[in-house]
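Student: Provided below for reference: sequence and predicted model.
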Amino acid sequence: MPDSPDYQRLDQFRLPPGFRGRPALFVQFWWIVQALLFKPLPQICYPLRRVILRAFGARVGRGVQIRPGVTVTYPWKVSIGDYCWIGDEVTLYSLGNISIGSNSVLSQNTYVCAADHDHTLVNFPIRARPVCIGNQVWLANGAWVGPGVSIGDGAVVAARSTVTRNLPPGMVCAGSPCIPRKPRIMRTGSQSGDRVVT
């Protein structure tokens with residue numbers, strides 16, 4: 001019986017030079033601080049979490065609320081705008097840059113992945129692929145956002161959706177794969193005052 005072809009040889013994998021963006025010891029130090037201090041801090045310690053992330057190179061805006069259990073792989077590759085909410089157990093897998101606009105919400109258990117591997121090459125090289133989440137976006141519980149994706153301002157992503165392509169602004173999107181379903185309607189307090197934001 002002939003040998004099967006080599007699809008991937010992990011013994012040939014090499015991390016690209018400078019991929020982490022910081023020396024290996026600094027990365028390990030961050031992971032220790034994250035495990036022992038950043039993640040288990042009580043919920044009310046929003047200012048301290050902001051200070052810790054900034055100390056490790058993240059750009060974090062005013063009034064950002066980061067809840068317990070959040071995982072950030074490389075803070076120096078993360079930018080979070082003003083007044084964002086980052087929910088419990090959110091993962092920012094920031095092997096590539098992750099940008100989150102102001103007034104956006106990442107609900108609990110959301111996962112944002114900013115890298116992948118090239119499966120067409122036998123050495124399975126890793127690729128940083130930035131993710132951009134706009135202003136006033138809501139990613140509902142358990143949403144998964146894939147590498148290289150941009151989500152437009154004001155978009156809503158329904159719970160458990162899988163985002164593999166760019167999403168337009170001002171739309172409610174859902175599904176696996178996630179697609180736009182309808183415009184986001186903004187209510188002014190009475191049904192007659194409803195309006196579509198474009």
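Tutor: Yep, it's here. Numbering: from 1, shown residues only.

Student: And the helix or strand that residue 51 is a member of, how far out from the chain middle?
Tutor: Taking DSSP states H and E as the criterion, residue 51 maps to helix 46-55. Its chain's C-alpha centre and that of helix 46-55 lie 18 Å apart, by C-alpha atoms, centre = their mean, to the nearest Å.

Student: Name the residues of that helix that are buried.
Tutor: 46, 49-50, 52-53 (16 or more other C-beta atoms under 10 Å). Any C-beta I mention is one placed from the backbone N, CA and C, and that applies to glycine too.

Student: Quick one: list the elements packing against it.
Tutor: Judged by 3 or more C-beta pairs under 8 Å, 6 or more residues apart in numbering; DSSP states H and E, helix 46-55 is in contact with strand 59-60, strand 65-66.

Student: Please convert the ones you listed to CSV, extending it with distance to residue 117, mean pLDDT and mean neighbour count.
Tutor: Listed next are the helices and strands packed on helix 46-55 as CSV, based on distance: least, C-beta to C-beta, whole Å; pLDDT from 0 to 100; neighbours: other C-beta atoms under 10 Å:
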stretch, distance to residue 117, mean pLDDT, mean neighbour count
strand 59-60, 27, 98, 18
strand 65-66, 29, 98, 22
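
Student: Was I right to think residue 97 contacts residue 133?
Tutor: No - the criterion here is C-beta atoms under 8 Å, and residue 97 misses it with residue 133 at 11.4 Å.

Student: ok, those two, which is more surrounded?
Tutor: A count of neighbours by other C-beta atoms under 10 Å puts residue 133 above the other of residue 97 and residue 133, at 27 against 17.

Student: Grab the nearest non-local neighbour of the residue nearest to the spatial centre of the chain.
Tutor: In the chain, the residue lying closest to the centroid (C-alpha atoms, centre = their mean) is residue 112, at 3.0 Å. Sequence neighbours aside, residue 145 is the residue nearest to residue 112 in space, at 4.6 Å (criterion: C-beta to C-beta, 6 or more residues apart in numbering).

Student: Please apply the same query to residue 8.
Tutor: residue 124 (4.5 Å).

Student: before we move on, what about residue 10?
Tutor: Using C-beta to C-beta, 6+ apart, the nearest residue to residue 10 is residue 124, at 6.2 Å.
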